[in-house]
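S.K.: curious how this folds, go ahead:
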Amino acid sequence: MLRGDGIGPELIDSAMCILNEINDNSSVKFSLVPVEAGDNALTRFHKALPDFTLSTIRKSDACLKGPVGESAAEVILVIRQLFDLYANIRPLKAYPNTNSLRNNIDLVVVRENTEDLYLGWEFWSDEETVISLRRTSKKAIERITKYGFKLARLRNRHRKVSLVHKANVLRKSDGLFRRISSEIASAYVDIQFEEMYVDACAMNLIRNPEDFDVILTSNLFGDIISDEAAQVVGGLGMGPSANIGNNFGVFEPVHGAAFDIQGKNVSNPSSILLSARLMLQWLGAERNDRQAVLEGDRIENAILRMLFENRKTKDQGGTLTTKEFTTSVMSYLYAN
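M.R.: Numbers count the residues shown, from 1 in each chain. This is a model prediction of the structure:
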């Protein structure tokens, strides 16, 4: 449990309450280990991702991460590289009685998570010019594309993958993404495949968000598109995400540390609770533990029940505090 900065610790506290409730009432058991990383860790230990924190993460089965402040790149980008967490998964769904633009939106952004401009390869060419380098490899494209198509098949919604790129301008890098993905698409004859320029995708997410199923894209485009999609379905407070590799996963809200509401007990814990649900789904699939998947579904069902009853936090037009929302979710987990 990586506590993070700003509202991170209160979100992690919320998630710990829910996971402890599951631990006490089901066959799914946890050993929850809080660790520090981020701005606070940088101040206290002179390192945003201290060695003891990294060592604890290495020994764990999964990591649930709170948002981090200005040192985010020194934490999550490093973790993604160290554990080769190549798939960033951001499901975005319209929940009842929220600020969603439509009622039938249910999409997921599948974002390549280890390359592109986020490698941070930048240098000054002279006193007034910075050069940024972008890496795009066949290996990275192949594995994220296969992940996207397999997910579209599992979701069984529109059974569609929308490749988002800018190959008309980035002819070599996005051109490679386009070519490799198109070749792989031919092996998934049961899945519809379409291509869309990133600017057109940004427009269509506002105009026809319900038409999307799986959006497959690169690191930078995926970061931007997924935040836009989160706002379309009611705001970042409802947005979970997963960073998944072959052997490990880190699960976190899509939003930042929100220092402006730190300590005010008004943050929406739905983002981290739904991230905990993703974690349980992944652990259940990895370890053939059906009960873990079912317990994850309990979390979403409890949140759904509250939203149907119009019991919400301030960001969704409600009055519940973070702690009140958490307590109510706990009470609904095993209620009839």
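S.K.: tell me how far the most centrally placed residue in the chain lies from residue 91.
M.R.: Nearest residue to the geometric centre of the chain (Cα atoms, centre = their mean): residue 241, 1.3 Å. Residue 241 is 8 Å from residue 91, where distance means Cβ to Cβ, to the nearest Å. From N, CA and C alone the C-beta is placed, and that goes for glycine too.
S.K.: also residue 278?
M.R.: To residue 91, residue 278 is 7 Å away according to Cβ to Cβ.
S.K.: cool, and residue 35?
M.R.: Using Cβ to Cβ, residue 35 is found at 26 Å from residue 91.
S.K.: likewise for residue 198?
M.R.: Between residue 198 and residue 91 the distance is 20 Å, computed by Cβ to Cβ.
S.K.: need phi/psi at residue 193.
M.R.: Per-residue torsions, residue 193: phi -120, psi 130 (degrees, to the nearest 10).
S.K.: do you know the pLDDT at it?
M.R.: In this model, residue 193 is scored at 98, pLDDT.
S.K.: pretty sure the residue nearest to the centre of the chain is touching residue 85, no?
M.R.: No - between residue 241 and residue 85 there is no contact under Cβ atoms under 8 Å: 11.0 Å.
S.K.: mutual contacts of residue 241 and residue 91, please.
M.R.: With contacts defined as Cβ atoms under 8 Å, 6 or more residues apart in numbering, the residues adjacent to both residue 241 and residue 91 are residue 278.
S.K.: assign the residue nearest to residue 273 when sequence neighbours are not counted to helix, strand or coil.
M.R.: When the adjacent residues along the chain are set aside, residue 273 lies closest to residue 299, with 5.4 Å between them (Cβ to Cβ, 6 or more residues apart in numbering). Counting by DSSP: H, G, I helix; E, B strand; the rest coil, the backbone at residue 299 sits in helix.
S.K.: doesn't the residue nearest to the centre of the chain belong to a helix?
M.R.: No - counting by three-state DSSP, residue 241 is not found in a helix; it is strand.
S.K.: which residues touch it?
M.R.: For residue 241, the residues meeting the contact criterion (Cβ under 8 Å, 6+ apart) are 88, 89, 90, 226, 251, 252, 253, 254, 275, 278.
S.K.: could you list everything the closest residue to the second one other than its chain neighbours pairs with in the sheet?
M.R.: With Cβ to Cβ, 6+ apart as the measure, residue 242 is the residue that lies nearest to residue 89, at 4.4 Å, once sequence neighbours are left out. Partner residues in beta bridges with residue 242, using DSSP bridges, are residue 89, residue 251.
S.K.: any idea how far residue 242 is from residue 125?
M.R.: For residue 242 relative to residue 125 (Cβ to Cβ), the value is 37 Å.
S.K.: same question for residue 81.
M.R.: In this structure, residue 81 lies at 25 Å from residue 125, with Cβ to Cβ as the measure.
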